[in-house]
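Trainee: Structural data only, the sequence is not supplied:
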């Protein structure tokens, strides 16, 4: 198995090295990661300039390259460089990617880029506190997750979050909560106006979600998909308010198409 590894924390992140060590138990590893941190970059791609890459010998014995681009760039370039890739892994990110965080996560974007290329993508993340994560504790759990997911090729995109000291593994959904959206203005020492964006949740944690699993000390494994269509809403509006675009299914035919 040929395994391409990327991240958003940059080529020298300890989480990247930890993921590579575990992945090497499952196949041949190639590392292609950003040359600087790209956290919260989301699924940005570079289109206004060419990309370059350089070999990174500090990650020996792994074949590793640093790229002056985004996490998604790294996956696209790595897949091109290698020619054939069986699996793309991203992480282990320093910080969780749960709930609304998956919308702007560069870690998950690397896995999504794999799915867009017709490859399998799995993103790994873990919380950070006052100390660095203990990857010696986490690596056996990463191996258990890979044992589970490699055997299920129908799962094309998966988001995995590891608590600091895992007690088990569970399947989860994405935590969907609303936030207050308050903008708090402050002044810097020179009297210039600055703003903090607040992220206080308005609801509690929903059981069975990625956030809930992490609070329970469980490794959260969340299957995702690229299709953001609300199929139930689409079926309803096609049924109740059909449009007349040429070739568009209407009524019961529309429901059949969305369910198929």
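Mentor: That came in fine, so what should we check first? In this text the structure is predicted, and so the values were computed from the model without any measurement.
Trainee: Now do the strands in this structure.
Mentor: 2-6, 28-34, 53-55, 63-67, 87-94, 121-126, 157-161, 168-171, 183-187, 193-197, 218-223 (DSSP state E).
Trainee: Of those strands, which is nearest residue 78?
Mentor: With respect to residue 78, and counting by CB to CB, the nearest of the strands of the chain is strand 28-34 at 3.4 Å. Heads up, the C-betas are built off the backbone N, CA and C, glycines and all.
Trainee: Okay, now the sheet partners of the closest one, with direction.
Mentor: Under the criterion DSSP bridges, strand 28-34 sits next to strand 2-6 (parallel), strand 63-67 (parallel) in its sheet.
Trainee: Adding mean pLDDT and mean neighbour count as columns, could you present those strands in JSON lines?
Mentor: Formatted as JSON lines, the strands paired with strand 28-34 follow (pLDDT from 0 to 100; neighbours: other CB atoms under 10 Å):
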{"stretch": "strand 2-6", "mean pLDDT": "97", "mean neighbour count": "27"}
{"stretch": "strand 63-67", "mean pLDDT": "95", "mean neighbour count": "22"}
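Trainee: Export these as CSV, with columns for distance to residue 142.
Mentor: Formatted as CSV, those follow (distance: least, CB to CB, whole Å):
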stretch, distance to residue 142
strand 2-6, 12
strand 63-67, 18
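Trainee: for residue 43, what are its contacts?
Mentor: By CB atoms under 8 Å, 6 or more residues apart in numbering, the contact set of residue 43 is 72, 109, 112-113.
Trainee: ok, it to residue 34 distance?
Mentor: Residue 43 is 14 Å from residue 34, where distance means CB to CB, to the nearest Å.
Trainee: swap in residue 67?
Mentor: Using CB to CB, one gets 6 Å for the distance from residue 67 to residue 34.
Trainee: What is the burial count for residue 235?
Mentor: Applying other CB atoms under 10 Å, we find 17 residues neighbouring residue 235.
Trainee: nope, residue 224 is what I was after
Mentor: The local packing of residue 224 (other CB under 10 Å) involves 19 other residues.
Trainee: residues touching the residue nearest to it when sequence neighbours are not counted, list them.
Mentor: Once flanking residues are discounted, residue 224 sits nearest to residue 157: 4.6 Å by CB to CB, 6 or more residues apart in numbering. Contact partners of residue 157, counting by CB under 8 Å, 6+ apart, are 111-112, 114-115, 120-122, 223-226.
Trainee: 6 Å instead?
Mentor: 111, 115, 121, 224 (CB atoms under 6 Å, 6 or more residues apart in numbering).
Trainee: so where is the stretch 51-200 of the chain shaky, pLDDT-wise?
Mentor: Where the stretch 51-200 of the chain drops to pLDDT under 70, the residues are 177-180.
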